Every structure is written in structure tokens, then in C-alpha cells.
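> Structure for this input, please:
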Amino acid sequence: MAAKIRKNDTVMILSGRDKGKIGKVIEIRSDRNKVIVQGVNIVTKHQKSVPSQNKSGGIIKQEAYIHISNVGILNTKTGKSEKIGFKFQSGKKIRFFKSSNEMLI
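Down below sits the predicted model:
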């Protein structure tokens with residue numbers, strides 16, 4: 001099945017501790033069905049220093065993966081998360097919002 005969410009899409013978190021937050025998709029792992037959303041699902045990582053590679057240690061905050069089923073594409077006109085469909089137009093496959101039939105840019 002084709003992934004309906006792509007890199008640089010604006011998405012809304014649908015469930016979890018960050019429910020309702022909005023962010024931009026930074027990375028997608030299609031083999032695991034997970035995405036990283038900018039500024040959402042921040043975790044604290046304790047990193048060990050590695051002097052041979054000139055890496056300093058410490059406590060780092062970074063984004064963690066979220067399952068793709070817990071995010072939805074945001075319709076900027078309505079401000080809500082909406083379902084996406086596919087259709088062919090001029091031989092190209094495009095995405096559109098099912099509620100309003102508007103093409104996704």
C-alpha cells in the first residue's frame with residue numbers, strides 16, 4: 001500500500017501524549033511504518049562521550065519516531081486532520097483530500 005504521508009507534509013498528532021500538536025515530517029521509515037515529526041515526541045537521550053571521534057557526552061533532547069497511524073495530514077484551510085485519497089490526473093498520481101476533493105500541494 002502506498003504511503004499517504006510524505007516528507008515535508010504538515011501533520012497533526014492524533015493520539016498519545018502529544019495529541020493535537022502540529023509539525024512537519026522530517027523523516028519517514030516506510031519499512032517500520034514510522035515518522036519523525038519536527039518538535040513532537042521529544043525524548044531525553046543520555047549520550048556517552050567519545051573522545052576519539054571528538055563527540056562530547058551529555059543529555060540530549062531529540063525527536064523520536066511515531067507510528068504512522070498516529071498522525072494525519074493537516075488541511076491548512078480547515079485546520080483539521082483529514083483523510084487522503086489518490087487519483088490519476090494527466091497520467092500522474094496525485095493526492096487529494098476526500099472531504100473537499102482539493103489537491104494536496
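
> Name the residues of stretch 14-34 that come out as buried.
Asp18, Ile22, Gly23, Val25, Ile28, Lys34 (16 or more other C-beta atoms under 10 Å). In short, each C-beta sits where N, CA and C put it, glycine included.

> before we move on, which element is the residue nearest the centre of the chain in?
Closest to where the C-alpha atoms of the chain average out (C-alpha atoms, centre = their mean) is Val25, at 3.5 Å. Taking DSSP states H and E as the definition, one finds Val25 inside strand 22-29.

> what comes into contact with that strand?
Strand 22-29 is contacted by residues 3, 5-13, 34-40, 63, 65, 68, 71, 74 when judged by C-beta atoms under 8 Å, 6 or more residues apart in numbering.

> before we move on, what about stretch 50-70?
By C-beta under 8 Å, 6+ apart, stretch 50-70 touches 3, 5, 13-16, 26, 28-29, 32-49.

> Can you give me the end-to-end span of it?
From its first residue to its last, stretch 50-70 covers 35 Å (C-alpha to C-alpha, to the nearest Å).

> Same question for stretch 90-105.
Termini of stretch 90-105 sit 16 Å apart (C-alpha to C-alpha).

> buried ones in it?
Buried-residue list, stretch 90-105, by 16+ other C-beta under 10 Å: Arg95, Phe96, Phe97.

> Show me the contact partners of that stretch.
Looking at what lies outside stretch 90-105 - C-beta under 8 Å, 6+ apart - the contacts are Lys4, Ile73, Asn75, Lys77, Thr78, Glu82, Lys83, Ile84, Gly85, Phe86, Lys87, Phe88.

> Which strands border the strand holding Val25, and is each parallel or antiparallel?
Applying DSSP bridges, strand 22-29 is found paired with strand 10-13 (antiparallel), strand 34-37 (antiparallel).

> Can you show me the CA trace of it as CSV?
What follows is strand 22-29, C-alpha atoms only, in CSV (Å, rounded to 0.1, in the frame of the first residue of the first chain):
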residue,chain,number,x,y,z
ILE,A,22,1.2,20.1,14.6
GLY,A,23,4.5,19.7,13.0
LYS,A,24,6.4,19.0,9.7
VAL,A,25,7.5,15.4,8.8
ILE,A,26,11.3,15.3,8.8
GLU,A,27,11.9,11.6,8.1
ILE,A,28,9.9,8.5,7.1
ARG,A,29,10.8,4.9,7.8
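
> Alright, calling it a day.
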